[in-house]
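A.B. asks: test case, fold it:
(one chain, ligands or ions: 1)
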Amino acid sequence: MSLELSPSQCAELIRGSKRVIALTGAGVSTAAGVADFRGPNGIYRTGQYDPDRVFDIEHFRRDPREFFRFARDLAGLMESIEPTFTHRFLARLEAEGMLLGVITQNVDPLHHLAGSKHVVSIHGDFAGAHCMKCGRAYTYAETLERMSKAEIPRCDCTEGGVIKPDVVFFGEQLSQWPEAADLAAACDLMLTLGSSLQVHPASMLPRVAPGAVVVVNQGSVRLEPGPGRYFVDADLDEYFRAVSECLFEGSAPLEPDSRA
Ligand SMILES: [Zn+2]
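C.D. replies: All right, here's what the predicted structure looks like:
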């Protein structure tokens with residue numbers, strides 16, 4: 001464990017910043033039971049699914065059945081999971097006016113379920129879906145219902161187009177990327193949580209952040225050291241419980257910043 005920034009210093013940094021944003025990766029959801037796709041127990045490592053195929057848009061166009069098998073498994077998993085402390089902490093920060101929004105690499109709905117309003121999902125999510133022929137929009141519930149009745153959910157249009165969830169596949173544009181890049185470029189504090197910063201292009205966001213960057217992750221990350229760059233190797237929920245106590249309970253006295 002390495003703490004370049006104590007929880008009370010982190011709380012002080014949040015309190016002293018005006019444009020705080022968060023960037024989250026798989027690590028925020030692993031405690032909720034969503035397997036880190038590429039982690040040791042990740043859904044990709046079980047041998048059941050080959051991510052390079054499941055999320056390949058060309059493969060999907062040829063044969064979407066494997067993707068929908070995966071999507072059904074994921075939907076089953078989603079019914080049994082709940083947001084973690086860290087998800088709820090970020091939602092509270094936003095509600096208290098201390099956080100502008102969350103940029104996430106995750107496709108699960110946990111930030112929304114926790115109550116976050118401004119969520120920029122750079123890899124898309126399952127909240128919506130569209131017919132690949134006529135473009136008609138479907139909600140998650142409508143898509144699920146059609147998935148339960150047929151191997152491949154199809155639209156009512158004359159062409160019977162495949163209904164594709166709004167998850168970004170390999171080979172597709174990151175439609176929310178411009179908003180994510182704008183947020184990152186204008187923030188004065190970026191909390192980067194549960195991301196090893198190895199997946200491009202999300203890994204670029206901390207580099208364009210002009211202010212402080214606090215990276216909290218269990219395990220090593222790819223972060224260039226520099227002034228205003230802090231790395232905390234810790235359990236996310238444990239760390240932010242302590243930060244939350246300093247911020248909202250106001251009991252713990254703030255420690256002097258040893259870097260000042
Ligand atoms: Zn259609």
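
A.B. asks: use CA for all of it now, contacts and neighbours both
C.D. replies: Noted.

A.B. asks: for the spatially closest residue to Phe67 that is not a sequence neighbour, the count of nearby residues, please.
C.D. replies: Using Cα to Cα, 6 or more residues apart in numbering and skipping residues adjacent in sequence, the residue nearest Phe67 is Val54, 5.1 Å away. A count of neighbours around Val54, defined by other Cα atoms under 10 Å, yields 23.

A.B. asks: surely Val54 meets Glu66?
C.D. replies: Yes. Using Cα atoms under 8 Å, Val54 makes contact with Glu66 at a distance of 6.3 Å.

A.B. asks: against which helices or strands is the helix or strand hosting Leu74 packed?
C.D. replies: In this assignment (DSSP states H and E), Leu74 forms part of helix 65-78. Secondary-structure packing of helix 65-78 (3 or more Cα pairs under 8 Å, 6 or more residues apart in numbering; DSSP states H and E): helix 51-54.

A.B. asks: buried ones in the helix it packs on?
C.D. replies: Neighbour-count burial for helix 51-54 flags 51, 53-54 (criterion: 16 or more other Cα atoms under 10 Å).

A.B. asks: could you export the very next helix or strand once past that helix as CSV, CA atoms only?
C.D. replies: Remark: after helix 51-54, the chain's next helix or strand is helix 57-62, criterion DSSP H and E. Output of helix 57-62 as CSV, limited to C-alpha atoms (Å, rounded to 0.1, in the frame of the first residue of the first chain):
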residue,chain,number,x,y,z
ILE,A,57,-18.5,-4.6,-34.7
GLU,A,58,-17.8,-6.6,-37.8
HIS,A,59,-18.3,-9.9,-36.0
PHE,A,60,-21.6,-8.5,-34.5
ARG,A,61,-22.8,-7.5,-38.0
ARG,A,62,-22.1,-11.1,-39.3
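
A.B. asks: flag every buried residue along helix 57-62.
C.D. replies: Neighbour counts over helix 57-62 (16+ other Cα under 10 Å) mark 57, 60 as buried.

A.B. asks: could you do stretch 13-31 as well?
C.D. replies: Buried residues in stretch 13-31, defined by neighbour count with 16+ other Cα under 10 Å: 13-14, 17, 19-31.

A.B. asks: and those, which is closest to Leu189?
C.D. replies: Nearest to Leu189 among the buried residues of stretch 13-31, counting by Cα to Cα, is Val20 at 4.7 Å.

A.B. asks: picking up where we left off before, show me the contacts for the residue nearest to Phe67.
C.D. replies: Neighbour list for Val54: 60, 66-67, 70 [criterion: Cα atoms under 8 Å, 6 or more residues apart in numbering].

A.B. asks: repeat for Asp188
C.D. replies: 17-20, 209-212.

A.B. asks: if we use 6 Å, what do you get?
C.D. replies: Neighbouring residues of Asp188 by Cα atoms under 6 Å, 6 or more residues apart in numbering: 19, 211.
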